[in-house]
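Colleague: structure, please.
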Amino acid sequence: MIYSALRIFSGTSHLTYGILALVDPFYKEEFVRFGFSDYRILIAVTQSLAGGALLLSFYRPKFTQYSSALLAVMMVGALLTRFVIHDDLLQSTAAFVFMFVNSLIF
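Modeller: Residues are numbered from 1 along each chain as shown. Reported below is the predicted structural model:
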């Protein structure tokens, strides 16, 4: 039950964030701040697809491992980026939580 809830939470969150990163001006500026403006579309689409795959993993169980591993690696990168640009602990919390959740799902 908790495992399924974590998959829904993570999948929905990543799908939503990926879509927002494509269309919302705030997130576009965040990618500039992160130093990844040239890779925003690639990152956003990858994150959306992996989030969607995590939701589809209820029907295709193999998707669970692939999508959660990819998202965990992406969140390691997000956490490292937060450290490099000197974000505070509060700003880095989401990346850490999602890294942990996706690692747990994997």
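Colleague: what separates the residue nearest to I105 when sequence neighbours are not counted from R40, distance-wise?
Modeller: Spatially, and ignoring its direct neighbours in sequence, I105 is nearest to S68 (4.0 Å; C-beta to C-beta, 6 or more residues apart in numbering). To be clear about C-beta, it is placed using only N, CA and C from the backbone, and glycine gets the same treatment. Look at S68 and R40: by C-beta to C-beta, to the nearest Å, they are 23 Å apart.
Colleague: tell me which of those two has more neighbours.
Modeller: Neighbours were counted for S68 and for R40 using other C-beta atoms under 10 Å; S68 has more, 24 against 17.
Colleague: in what element of secondary structure is that one found?
Modeller: Assigned by DSSP states H and E, S68 belongs to helix 62-84.
Colleague: mind listing what the residue nearest to the spatial centre of the chain touches?
Modeller: With distances taken as C-alpha atoms, centre = their mean, H14 lies nearest the centre of the chain, 4.6 Å away. H14 sits next to Q47, S48, A50, G51, L54, L71, F98 when contact means C-beta atoms under 8 Å, 6 or more residues apart in numbering.
Colleague: among those, which two are most distant?
Modeller: Taking C-beta to C-beta, the two most distant members of the contacts of H14 are S48 and F98; they sit 14.2 Å apart.
Colleague: show me what the next helix or strand after the helix holding S68 is packed up against.
Modeller: Later in the chain than helix 62-84, the nearest helix or strand by DSSP H and E is helix 89-105. If contacts are counted by 3 or more C-beta pairs under 8 Å, 6 or more residues apart in numbering; DSSP states H and E, helix 89-105 sits against helix 2-23, helix 62-84.
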